[in-house]
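K.L.:
Build me a model:
(one chain, ligands or ions: 1)
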Amino acid sequence: MTQKRKVKVAVNGYGVIGKRVADAVALQDDMDLIGVSDVGFDYRIRVAAERGFPIYASLPDRRKLMEEARIPVAGTLEDLLQKVDIVVDCTPKGIGAKNKPIYEKAGLRAIFQGGEKHELAGYSFTAQVNYAGALNRQFARVVSCNTTALCRVMHALHKQGWVKRARAVLMRRGTDPWESHKDGMINTAIPETKVPSHQGPDAQTVIEGLDITTMAGAGPYNLSHLHYAMVETTRPVNVDELRHALWEEPRIAFIRSADGLVALNAVIELMRDLNRPRNDMWEVAVWEDALAADDREVYLTFQVHNEAITIPESIDAIRAMTGIERDASKSIEKTNTSLGIVKTLLPRTTPEAAVHAAMGVALRAARKQFMEEGFKGAEEPAEAVPTKAQAK
Ligand SMILES: NC(=O)c1ccc[n+]([C@@H]2O[C@H](COP(=O)([O-])OP(=O)(O)OC[C@H]3O[C@@H](n4cnc5c(N)ncnc54)[C@H](O)[C@@H]3O)[C@@H](O)[C@H]2O)c1
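P.N.:
The predicted model follows:
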């Protein structure tokens with residue numbers, strides 16, 4: 001069998017997101033990390049040198065400064081762009097927009113991050129929702145951490161036809177850990193006065209037709225965001241159905257306060273104990289014991305590790321845009337395996353897979369029984385079984 005050519009990838013901007021994307025690309029057997037580019041010369045970019053990643057200067061006038069700081073600079077961003085098939089732009093909000101003409105001039109595909117506007121790329125991406133639409137596109141934007149989490153959770157419900165109207169409250173982290181000495185807040189919380197907050201409309205750029213409104217605020221903590229979602233449903237949905245729909249959705253994992261996972265810090269401590277790189281939690285962590293439902297709505301509480309959650313999305317976007325994998329589920333699976341993304345965080349002591357397999361059989365049987373009761377087509381050749389679209 002001939003080995004497929006590996007996709008050559010550049011990462012521009014080696015900060016919170018860029019350094020993680022670079023590590024994730026380096027793990028893939030169908031990608032080569034050709035280099036990373038930045039304008040900094042502090043400890044963060046020096047780590048790229050320790051990793052052995054070729055380093056480029058994103059702005060020509062920064063090259064001298066970087067070299068004076070003993071950073072081994074292999075060339076400029078333009079030099080790097082000539083060697084790759086695709087660039088993942090992980091620069092701060094607004095810089096991606098300035099970089100787009102550079103990528104266009106180089107005739108390159110580019111992935112932007114959630115700080116950039118939807119219009120810049122014209123396509124907002126969450127792998128499990130709209131991978132197919134990104135196939136062979138020149139530009140796409142991986143949506144922000146909050147929007148990615150909303151898209152995963154809402155997609156689990158929306159694809160069942162359950163979402164009549166969703167509302168979510170987002171309690172954002174005040175700052176990122178690496179810069180918590182210079183930014184953030186103490187002993188306060190800051191409500192965002194823009195309503196709806198940006199993430200609801202942003203999720204609609206990914207999930208067409210989703211009726212969602214979000215409100216946001218920020219507090220004095222830096223490990224993750226916390227979301228509360230209330231979803232008015234098109235029919236009464238019970239907790240078992242809700243739990244099972246979330247189980248079947250990739251990149252969502254359950255956590256339980258009954259396991260001592262009672263707060264954001266406890267969940268990140270679990271990531272530390274599981275030896276995850278940089279404590280990263282790529283999954284949306286949904287509190288299973290906080291799931292609730294009544295006749296009109298379902299209620300969810302979930303944790304979003306903002307530094308990590310979008311990383312697998314960039315990897316899948318590379319595969320989709322370069323066309324090296326046309327099947328979303330294959331790419332998602334490959335990325336999940338390479339990074340260590342799981343459905344069950346503590347599989348030896350939590351037999352979730354078996355429980356949900358049994359639950360799935362029971363739910364399907366119950367559904368079939370109701371379907372048979374409502375099916376009055378004895379004279380037709382059709383059976384009372386879900387259509388393909390319903391079985392999804
Ligand atoms: N931090 C998060 O939680 C988070 C989560 C999801 C998405 N995002 C998005 O990811 C993008 C990057 O955010 P971040 O948090 O990684 O930022 P960051 O500040 O941690 O990193 C940005 C990096 O880009 C470098 N940089 C600055 N100007 C540059 C230029 N002109 N050319 C090349 N490099 C330059 C900086 O030196 C830094 O290393 C933004 O769009 C942001 O909205 C951030």
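K.L.:
what does this protein have sitting close to the ligand?
P.N.:
Applying C-beta under 6 Å from any ligand atom, one finds that the chain approaches the ligand through 12-18, 37-40, 44, 58-59, 90-93, 95, 113-116, 144-145, 176, 306-307, 310. All C-beta spots, glycine's among them, are computed from the backbone N, C-alpha and C.
K.L.:
residue ranges for the helices of the stretch 251-392 of the chain, please.
P.N.:
Assignment of helices within the stretch 251-392 of the chain using DSSP state H, counting those that start in this stretch yields the ranges 264-273, 311-322, 328-339, 352-374, 388-391.
K.L.:
Which of the ones you listed has the highest mean neighbour count?
P.N.:
Mean neighbour count (mean count of other C-beta atoms under 10 Å) peaks for helix 311-322 among the helices of the stretch 251-392 of the chain, with a mean of 26.
K.L.:
related to what we said a few turns ago, can you tell me which of the residues of the chain next to the ligand end up in strands?
P.N.:
Those of the residues of the chain next to the ligand mapping onto strands are 12, 37-38, per DSSP state E.
K.L.:
Name the member of the residues you listed with the most neighbours.
P.N.:
Among those, Ser37 has the most neighbours (other C-beta atoms under 10 Å), with 32 neighbours.
K.L.:
In contact with the closest residue to Phe139 other than its chain neighbours: list those residues for me.
P.N.:
Closest residue to Phe139 apart from its sequence neighbours, by C-beta to C-beta, 6 or more residues apart in numbering: Ala121 at 4.1 Å. By C-beta atoms under 8 Å, 6 or more residues apart in numbering, the contact set of Ala121 is 110-112, 139-141.
K.L.:
which helices and strands does the helix or strand where Pro101 lies pack with?
P.N.:
For Pro101, the host element (DSSP states H and E) is helix 95-105. Taking 3 or more C-beta pairs under 8 Å, 6 or more residues apart in numbering; DSSP states H and E as contact, the helices and strands that helix 95-105 lies on are helix 77-81, strand 86-89, strand 109-112, helix 118-121.
K.L.:
Which neighbours in the sheet does the second one have, and how are they oriented?
P.N.:
Right, the one you point to is strand 86-89. strand 7-12 (parallel), strand 109-112 (parallel) (DSSP bridges).
K.L.:
where's the residue in the stretch 101-250 of the chain that the ligand sits nearest to relative to Lys194, distance?
P.N.:
Of all residues in the stretch 101-250 of the chain, Gly115 sits closest to the ligand, at 2.4 Å by C-beta to the nearest ligand atom. Taking C-beta to C-beta, to the nearest Å as the measure, Gly115 falls 16 Å from Lys194.
K.L.:
neighbour count winner among the two?
P.N.:
Gly115 (17 against 9).
K.L.:
so how many other residues sit close to the nearest residue to that one once chain neighbours are set aside?
P.N.:
Nearest residue to Gly115, sequence neighbours excluded (C-beta to C-beta, 6+ apart): Lys93, at 3.1 Å. By other C-beta under 10 Å, the residues close to Lys93 number 12.
K.L.:
Same check on the one 10 residues further on?
P.N.:
Summarising burial for Tyr103: neighbours were counted as other C-beta under 10 Å, giving 23.
K.L.:
for it, what are its contacts?
P.N.:
Per C-beta under 8 Å, 6+ apart, neighbours of Tyr103: 81, 87, 89, 109-110.
K.L.:
Return the closest of the residues you listed with respect to Gln199.
P.N.:
Asp89 (20.5 Å; C-beta to C-beta).
K.L.:
give the contact list for the closest one.
P.N.:
Asp89 touches 12-13, 95-96, 99, 103, 110-113, 116, counting by C-beta under 8 Å, 6+ apart.
K.L.:
can you pull up the bridge partners for it?
P.N.:
Asn12.
K.L.:
do the same with Ile252
P.N.:
Taking DSSP bridges as the rule, Ile252 bridges to Val284.
K.L.:
Over to Met215?
P.N.:
Val169.
K.L.:
ok, how many other residues are close to it?
P.N.:
Neighbours of Met215 (other C-beta under 10 Å): 18.
K.L.:
Cross-check the contact I'm expecting between it and Pro196.
P.N.:
Yes: taking contacts as C-beta atoms under 8 Å, Met215 lies within contact range of Pro196: 6.8 Å.
K.L.:
who's in contact with the residue in the stretch 201-350 of the chain that the ligand sits nearest to?
P.N.:
Using C-beta to the nearest ligand atom, the closest approach of the stretch 201-350 of the chain to the ligand is made by Asn306 at 3.5 Å. Contact analysis of Asn306 by C-beta under 8 Å, 6+ apart lists 145-146, 172-173, 176, 224-225.
K.L.:
let's go with 7 Å and repeat that
P.N.:
145, 173, 224-225 (C-beta atoms under 7 Å, 6 or more residues apart in numbering).
K.L.:
pLDDT at Lys19, what is it?
P.N.:
With respect to pLDDT, Lys19 scores 98.
K.L.:
what does Val355 give?
P.N.:
Confidence score, pLDDT, at Val355: 88.
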